[in-house]
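# pasting the sequence and the predicted model now:
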Amino acid sequence: MARPPGTDVRWPSPPSHHHLEVAVVPVDPPPDNGAAPAPDAGDDASKLAEIIEGRRAKIDQLRDAGVEPYPVRFRPSHTVPEVRAAYPDVAAGTETGDHVTIAGRLVAKREMGKLRFLVLREDGQDIQLFCPLAALDDDSRALMDLLDTGDWIGATGEVMASKKGELSVKPATLTLLAKGLRPLPDKWHGLSDTEARFRQRELDLVVNDDARRVFEVRSRVLSALRAEMEERGFVEVETPMLHPIPGGATARPFVTHHNTLDVDLYLRIAPELYLKRLIAGGMRRVFEINRNFRNEGMSTRHNPEFTMLESYAAYDDYHDVMELTEGLIERAARDAVGTTDVTYQGRPLSLAGPYRRATLLELTAEATRRPDLRYDLDVADLRALCDTHEVHWEHAWGGGKLIVELYEKLVEGDLWEPTFVIDHPVETSPLARAHRSDPHVTERFEVIVAGRELGNAFSELIDPSVQRERFEAQARARAAGDAEAMVVDEAYLRAMELGMPPTGGLGIGVDRLVMFLADVSNIRDVILFPTLRPEQT
RNA sequence: GCGCCGCUAGCUCAAUUGGCAGAGCAUCCGGCUCUUAACCGGCAGGUUCUAGGUUCAAGUCCUAGGCGGCGCACCA
């Protein structure tokens, strides 16, 4: 929460991280043991307050008995998954003679008089603690009665299997590692309230196996992308998140302010311009995986901060980048889920290349049944075509923009299998170079998967004079009221004037790639702490 | 930004045309040495998201607001 001094994110307004917690139900402080004051035990919920108070009382009892409820260190000999893996089949009712020390969160207790069964969870895997009270030392037996689900505990004992064949550890000692104050969600139904899952991701991770699975997939995707890039000779770099002027994409930025410099800065909407300056400087192949921020609408596919992979490779054109894109997506799929043949939202999806390649113009011509479709058709004709298909248009738009709008409305959503939609018009592609054989379009592609844009790439524009003209056209659009249009970036132009080799550039939406591989439909399910309105009380 | 839907105990959910707010799990108390959604008995737990309104009576109907989900718009 604490921001570095001197920064102050002004948009959106800084959330109040320390709204007053008014204790409606008074909670007696623990008697004089120096314990921290109650965080917020006394919400309006009396039952919750009662539970928390009961657990505080247990902490007092523990301290009175000389047990530290929040000790400093613990050394397990094995993780729970390691124990499970090491003893795949212990015959029912047998003891192995092997002793282990394990740790985890207590997630269930089943008490049968003098025999107790505890369930310990670590790294998403459970193991049973088989606890005849007689097998425990005195301290552990006393501790047993003060344990609650949610507590972190350690256990040392023999690996065995119960009469029903459940792999178990029979502890001789139990150690409290951290006392939990709050109850766990329902052990059977778990936590299904979506808002609670997003706001309290830690709870989601404790009780929902699927949440853990999704973020494991995400982690493997990130590793796979890095491995593939490195194997292809790319160097990972980090470029600024604070930009003096927003650039590299058409999007509305977040504004912030630096106090010492007394200048407004923008959270980056794309790293593109900085990465290309590195290419101009002679770094032959670079990539960055990091956050971008766009101050625009939120939806199941858009979070205000999202993760992009961007890469630039000297000497390459967009055909090379298509090959790279296929390699990255295939690698991510294989490493993250073991196959390129996945199921997304109940429908099969093959991520194995090579992907279909089709021009934006031919796809749109087909969808509109206008084989004569061209970018230089009379604008009135194209506007009429938009009207026919109920596509909104504006007078400022030229033929390129009109055809792109038709494409997005009529074509994009229906492209299920991965498709390279290539050769976008110059009008909507200010940073891409003109096509080598068609002046109306650029050497650009978008890779579409399951009807959604997953990546965007082009043969980069490297001619500084043309780039200046494109910037100036954008600046005119901006002056005319287009808040997303680009501004002239002189520092970037200066780098291009130094000389930039032919370059192939790529951007892939990592969150969306994870969505396909984890088979989830809401981007918030692949972002640990998605942007939400601040909680109010 | 617009539309639709949702919000009831710590969690998951009920509550008939507007008629005494309930259950399961969890908690608390008692019992139980092979349970695994353990079981059995008992106690307790509520600002029904908020503020107004209609009504003899509102969880339920009306108005405004809050938060979330989904769809549309915008974008990656």
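Cool, got the structure.

# which helix or which strand is home to A:L225?
Assigned by DSSP states H and E, A:L225 belongs to helix A:209-231.

# helices and strands around that helix, which ones?
Helices and strands in packing contact with helix A:209-231 are listed as helix A:201-207, strand A:235-236, strand A:285-293, strand A:305-314, helix A:318-337, helix A:510-518; criterion 3 or more C-beta pairs under 8 Å, 6 or more residues apart in numbering; DSSP states H and E. For glycine as for every other residue, the C-beta is placed from the backbone atoms N, C-alpha and C.

# touching RNA strand B at all, the first one?
No - legend: contact between helix A:201-207 and RNA strand B by C-beta under 7 Å from any atom of the strand is lacking; minimum distance shown is 7.9 Å.

# for that helix, list every residue counted as buried.
Counting neighbours by 16 or more other C-beta atoms under 10 Å, one finds that the buried residues in helix A:201-207 are A:R201, A:L203, A:D204, A:L205, A:V206, A:V207.

# which bits of the stretch 1-150 of chain A sit near RNA strand B?
With the criterion set to C-beta under 7 Å from any atom of the strand, the stretch 1-150 of chain A comes near RNA strand B through A:24, A:44-48, A:50-51, A:54, A:93, A:108-115, A:117, A:128, A:130, A:132-134, A:148-149.

# from chain A, which residue is nearest to RNA strand B?
Distances from chain A to RNA strand B, computed as C-beta to the nearest atom of the strand, single out A:G113 as the nearest residue at 1.9 Å.

# next one: that residue from A:A134, what distance?
When distances are taken as C-beta to C-beta, to the nearest Å, A:G113 and A:A134 turn out to be 12 Å apart.

# sort out which of the residues of the stretch 1-150 of chain A next to RNA strand B are buried, if you could.
The neighbour-count test (16+ other C-beta under 10 Å) applied to those identifies A:L48, A:I51, A:K109, A:F117, A:Q128, A:F130, A:D148 as buried.

# is it true that A:D126 lies in a helix?
No - counting by DSSP: H, G, I helix; E, B strand; the rest coil, A:D126 is located in no helix; its state is strand.

# give the contact list for it.
A:D126 is in contact with A:V80, A:V107, A:V119, A:L120, counting by C-beta atoms under 8 Å, 6 or more residues apart in numbering.

# what about the third one, which SS state?
Local secondary structure at A:V119 is given as strand here, using three-state DSSP.

# surely it is in contact with A:L106?
Yes - using C-beta atoms under 8 Å as the test, A:V119 is close enough to A:L106 to be in contact (7.1 Å).

# please state the offset of stretch A:111-130 from the chain centre?
For stretch A:111-130, the distance between its averaged C-alpha position and the chain's averaged C-alpha position is 33 Å (C-alpha atoms, centre = their mean, to the nearest Å).

# just stretch A:351-371 next, same as before
Per C-alpha atoms, centre = their mean, the displacement of stretch A:351-371 from the mean C-alpha position of its chain is 30 Å.

# measure A:R84 to A:V421 for me?
In this structure, A:R84 lies at 47 Å from A:V421, with C-beta to C-beta as the measure.

# ok, the two, which is more surrounded?
In this comparison of A:R84 against A:V421, neighbours counted by other C-beta atoms under 10 Å, the higher total goes to A:V421 at 25 against 16.

# quick one, helices of chain A?
Using DSSP state H, the helices of chain A run over residues A:46-64, A:80-86, A:138-144, A:194-199, A:201-207, A:209-231, A:272-280, A:318-337, A:360-368, A:379-388, A:399-410, A:464-479, A:490-498, A:510-518.

# mean confidence for the first one?
This points to helix A:46-64. Mean pLDDT, taken over the full extent of helix A:46-64, equals 91.

# ditto for the third one
If you average the pLDDT over helix A:138-144, you get 94.

# alpha carbons of it, as PDB, please.
Output of helix A:138-144 as PDB, limited to C-alpha atoms (Å, rounded to 0.1, in the frame of the first residue of the first chain):
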ATOM      1  CA  ASP A 138       2.000 -33.700  27.300                       C
ATOM      2  CA  ASP A 139       2.600 -30.300  25.700                       C
ATOM      3  CA  SER A 140       1.100 -31.400  22.400                       C
ATOM      4  CA  ARG A 141      -1.900 -32.900  24.100                       C
ATOM      5  CA  ALA A 142      -2.600 -29.600  25.800                       C
ATOM      6  CA  LEU A 143      -2.100 -27.800  22.500                       C
ATOM      7  CA  MET A 144      -4.500 -30.100  20.700                       C
END
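
# just the buried residues of that helix, please?
Using 16+ other C-beta under 10 Å, the residues of helix A:138-144 that count as buried are A:S140, A:L143, A:M144.

# that helix: how far from the chain's middle?
The chain centroid and the centroid of helix A:138-144 are separated by 43 Å, computed with C-alpha atoms, centre = their mean.

# other SSEs contacting the longest strand belonging to chain A?
With residue count as the measure and DSSP state E as the assignment, chain A has strand A:95-112 as its longest strand. Secondary structure elements in contact with strand A:95-112, counted by 3+ C-beta pairs under 8 Å, 6+ apart, are helix A:80-86, strand A:115-122, strand A:125-132, strand A:152-161, strand A:167-178, helix A:201-207.

# what lines up beside that strand in the sheet?
Listed by DSSP bridges, the sheet partners of strand A:95-112 and their directions read strand A:115-122 (antiparallel), strand A:152-161 (antiparallel).

# pick the most buried one from the ones you listed.
When you average the neighbours per residue for each of those (mean count of other C-beta atoms under 10 Å), strand A:152-161 leads with a mean of 21.

# what about it, near RNA strand B?
No - under the criterion of C-beta under 7 Å from any atom of the strand, strand A:152-161 makes no contact with RNA strand B; the nearest approach is 7.8 Å.

# now swap in stretch A:288-297 and tell me
Yes - for a cut-off given as C-beta under 7 Å from any atom of the strand, stretch A:288-297 has contacts with RNA strand B, namely A:R294, A:E296, A:G297.

# just to revisit the earlier point, out of the helices and strands packed on helix A:209-231, indicate the one that is most buried.
The highest mean neighbour count among those belongs to helix A:510-518 (a mean of 24), with neighbours defined as mean count of other C-beta under 10 Å.

# next, the angle from that one to helix A:209-231.
Counting by axes from the mean of the first three to the mean of the last three C-alpha atoms, to 10 degrees, helix A:510-518 points 120 degrees away from the direction of helix A:209-231.

# and helix A:510-518, average pLDDT?
Helix A:510-518 comes out at a mean pLDDT of 94.

# and that helix with helix A:318-337, angle?
Computed by the same axes, to 10 degrees, the angle between helix A:510-518 and helix A:318-337 is 50 degrees.

# may I have helix A:510-518 as PDB, with CA atoms only?
Extracted as PDB, the C-alpha positions of helix A:510-518 are listed here (Å, rounded to 0.1, in the frame of the first residue of the first chain):
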ATOM      1  CA  VAL A 510      -0.200 -12.600 -21.300                       C
ATOM      2  CA  ASP A 511      -3.400 -12.500 -19.200                       C
ATOM      3  CA  ARG A 512      -5.500 -13.600 -22.200                       C
ATOM      4  CA  LEU A 513      -3.100 -16.300 -23.100                       C
ATOM      5  CA  VAL A 514      -3.400 -17.600 -19.600                       C
ATOM      6  CA  MET A 515      -7.200 -17.400 -19.900                       C
ATOM      7  CA  PHE A 516      -7.100 -19.800 -22.800                       C
ATOM      8  CA  LEU A 517      -4.800 -22.200 -21.200                       C
ATOM      9  CA  ALA A 518      -6.500 -22.200 -17.800                       C
END
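
# done for today, thanks.
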